[in-house]
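*Asks:* The sequence and its predicted three-dimensional model are supplied below.
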Amino acid sequence: MNNSWTPKVSESFALVNIGSLVTNDPTLGDGLLGLIPDAAVVIDEGRIAWVGRSSDAPDASGAIDLEGRAVLPGFVDSHAHLVFAGDRADEFAARMSGEPYAAGGIRRTVAATRSATDEQLAANLHRLAAELRRSGVTTFETKSGYGLTTQDESRALRIASDVTGETTYLGAHVVPAEFEGRPDDYVSLVAGAMLDSCAPHAKWIDVFCDRGAFDVDQARTVLLAGIAAGLTPRLHANQLQHGGGVQLAVELDAASADHCTYLDDADIEALAGSTTVATLLPGAEFSTRSPYPDARRLLDAGATIALATDCNPGSSYTTSMALMVALAVRDMRMTPDEAVWSATQGGAKALRRNDIGRIFVGARADVISLNAPSHVHLAYRPGVDLIDRVWQSPPTPKVAA
Ligand code: NIG
Ligand code: FE
């Protein structure tokens, strides 16, 4: 765990003697990551005020000597499910003995979440948010989806909007037990009264469009209702099997199609020709012992990739973006540069944000340093906590009062 922790930026200071700075701005430095060696960054009132070589840095009071460490934009975790109670370690153990992952396990977390008090849900959420910060995540998204009643979904989003402005309404996670055999009635609720009460607390709308959850027509109904209510779509697509989820995401200009584990040529072509980001979640493949998505083909076709944790108690109970980078490099044939870009700037693009994920003058001062000389060590030293310090701008304003 990092032993030095700066939770908020509220004054002017400089980071100097940075061994290698990832800016994600190719006009500022070398390659995809816009790398600057021997760099310095000046931060003023929570914003980046200057970036460049140490030798050119303006005189700044309060210089912090990074002693040759690597510095990066904070990780942007654009896909997580953090409002829940309980865990499903028994399902993980069973999977490791050969059981397949199935969407139905979500109902167990729904039962535990409905029984929890607001205080219990908030405490678990704050614990995970703190874990994400210690892992170098400076912006994260979180979804509802373990309440599945009007009251429980809006409660989840209200609690979530205390810790992030990136909140996603996922009433269409699975059909809850009380609607068994009546999925269309549940879809009507999700696209009707439940949406009305959740929309004020959400920025995004999502559907789990897959085997055991919702089909493409049901997903389209829910997403179109969400768009009409002012939300922007993103979609759980093609996690468990081939299907029309990715095509639907592109059709509706969703910000992201998430998982993308099973893609055919037409899916890859559609993503490459769109502004929909392919958000890959290797923690889910790791934890469900599934094949990893074909990141190499997506990149070679020209698609934009984000990496995210998918932190949830069923399919991926991790807050480690460094692990996502390592898996993407080792098992998905991304280069270390591509994986680090996707965990920072890729996440920002999946959230349609241009103030985070890069280090440029005017960006939010969301910056991390590593106990390592370069970002490559995130994959090269898997399982080692390399996060040294985290600087984070004051939080994004809430989406709703
Ligand atoms: O993204 N796929 C749907 N939702 C989660 C899993 C939720 C669960 O199993 O509790 C996911 O992997
Ligand atoms: Fe998910």
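*Replies:* Structure's in. What do you need? Ligands and ions are numbered 1, 2, ... in the order given.
*Asks:* can we go C-alpha only for contacts and neighbour counts from here?
*Replies:* Noted.
*Asks:* who touches the residue in the stretch 1-150 of the chain positioned nearest to ligand 1 in this structure?
*Replies:* Per CA to the nearest ligand atom, Ile106 is where the stretch 1-150 of the chain lies closest to ligand 1, at 4.2 Å. Ile106 sits next to 146, 174, 314 when contact means CA atoms under 8 Å, 6 or more residues apart in numbering.
*Asks:* Turn the residues you listed into a markdown table, columns for neighbour count.
*Replies:* Putting the contacts of Ile106 into a markdown table (neighbours: other CA atoms under 10 Å) gives the following:
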| residue | neighbour count |
| --- | --- |
| Tyr146 | 29 |
| Val174 | 25 |
| Gly314 | 24 |
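*Asks:* nearest to Ala228, of the residues you listed?
*Replies:* Val174 (22.0 Å; CA to CA).
*Asks:* would you say Thr279 is within a strand?
*Replies:* Yes. Counting by DSSP: H, G, I helix; E, B strand; the rest coil, Thr279 falls inside a strand.
*Asks:* so it touches Asp258, yeah?
*Replies:* Yes. Contact criterion CA atoms under 8 Å: Thr279 and Asp258 qualify, at 4.6 Å.
*Asks:* Kindly report the residues of the stretch 151-300 of the chain close to ligand 1.
*Replies:* Counting by CA under 6 Å from any ligand atom, the positions of the stretch 151-300 of the chain adjacent to ligand 1 are 208, 284.
*Asks:* and if we set it to 8 Å?
*Replies:* 173, 208, 236, 239, 258-259, 284 (CA under 8 Å from any ligand atom).
*Asks:* most neighbours, which of those residues?
*Replies:* Each of these was scored for neighbours by other CA atoms under 10 Å, and Asp258 scores highest at 31 neighbours.
*Asks:* Is the residue in the chain positioned nearest to ligand 1 in a helix, a strand, or coil?
*Replies:* Among the residues of the chain, Gly314 lies closest to ligand 1, at 3.5 Å counting by CA to the nearest ligand atom. Three-state call for Gly314 (three-state DSSP): coil.
*Asks:* Tell me if I'm right that it and Asp90 touch.
*Replies:* No. If you go by CA under 8 Å, Gly314 and Asp90 don't touch, sitting 9.9 Å apart.
*Asks:* that older thread, closest one to Leu271 out of the contacts of Ile106, please.
*Replies:* Of all those, Val174 has the smallest distance to Leu271: 25.3 Å, by CA to CA.
*Asks:* Could you verify that the closest one is part of a strand?
*Replies:* No. Assigned with three-state DSSP, Val174 falls outside any strand and is coil.
*Asks:* Return the backbone torsion pair for the nearest residue to it once chain neighbours are set aside.
*Replies:* Distances taken as CA to CA, 6 or more residues apart in numbering place Ala213 nearest to Val174, at 4.8 Å, with adjacent residues excluded. Taking degrees, to the nearest 10, you get phi -130, psi -110 for the backbone angles of Ala213.
*Asks:* Please renumber the chain so that the first residue is 259 from this point on.
*Replies:* Okay, using 259 as the starting number, the last item reads as Ala471.
*Asks:* So for Ala471, what's the pLDDT?
*Replies:* At Ala471, the pLDDT value in this model is 97.
*Asks:* List the contacts of it.
*Replies:* 361, 430-433.
*Asks:* and the gap between the residue in the chain sticking out farthest from the centre and Ala328?
*Replies:* The outermost residue of the chain relative to its centre, with distances by CA atoms, centre = their mean, is Asp317 at 36.5 Å. Plainly put, Asp317 is 21 Å away from Ala328 if you go by CA to CA, to the nearest Å.
*Asks:* one step back: where does the residue farthest from the centre of the chain sit: helix, strand or coil?
*Replies:* coil.
*Asks:* Now do the contacts for the closest residue to Gly403 other than its chain neighbours.
*Replies:* Nearest non-adjacent residue to Gly403, counting by CA to CA, 6+ apart: Leu428, 4.7 Å away. For Leu428, the contact set (CA under 8 Å, 6+ apart) comprises 401-403, 463-466.
*Asks:* any idea how far Leu428 is from Pro358?
*Replies:* For Leu428 relative to Pro358 (CA to CA), the value is 23 Å.
*Asks:* what is the rounded mean pLDDT of stretch 511-518?
*Replies:* 98.
*Asks:* Name the residues that touch it?
*Replies:* 490-497, 503-504, 507-508, 532-539, 551, 607-610.
*Asks:* out of those residues, which are inside strands?
*Replies:* If you go by DSSP state E, those have 490-491, 493-495, 535-538 in strands.
*Asks:* Can I have the buried ones of those residues as a PyMOL selection?
*Replies:* The buried subset of the ones in strands among the contacts of stretch 511-518, as determined by 16 or more other CA atoms under 10 Å, is captured in PyMOL by this line:
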select buried, resi 490+491+493+494+495+535+536+537+538
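*Asks:* Columns pLDDT on top of the ones in strands among the contacts of stretch 511-518, output as a markdown table?
*Replies:* Formatted as a markdown table, the ones in strands among the contacts of stretch 511-518 follow (pLDDT from 0 to 100):
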| residue | pLDDT |
| --- | --- |
| Thr490 | 98 |
| Pro491 | 98 |
| Leu493 | 98 |
| His494 | 98 |
| Ala495 | 98 |
| Val535 | 98 |
| Ala536 | 98 |
| Thr537 | 99 |
| Leu538 | 98 |
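*Asks:* want to throw the ones in strands among the contacts of stretch 511-518 into a markdown table with distance to His633?
*Replies:* A markdown table is the format used below for the ones in strands among the contacts of stretch 511-518 (distance: CA to CA, whole Å):
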| residue | distance to His633 |
| --- | --- |
| Thr490 | 32 |
| Pro491 | 32 |
| Leu493 | 30 |
| His494 | 29 |
| Ala495 | 30 |
| Val535 | 23 |
| Ala536 | 22 |
| Thr537 | 21 |
| Leu538 | 20 |
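*Asks:* domain ranges for the chain?
*Replies:* 271-332+615-649, 334-608 (automatic domain parsing).
*Asks:* pLDDT value on the residue nearest in space to the middle of the chain, please?
*Replies:* With distances taken as CA atoms, centre = their mean, the chain has Ser336 as the residue nearest its mean C-alpha position (2.1 Å). Ser336 carries a pLDDT value of 99.
*Asks:* Next up, the contacts around it.
*Replies:* 397-400, 564-566, 605-606, 608-609.
*Asks:* how about the nearest residue to Arg469, chain neighbours excluded?
*Replies:* Going by CA to CA, 6+ apart, Arg469 has Leu498 as its nearest residue, at 6.6 Å.
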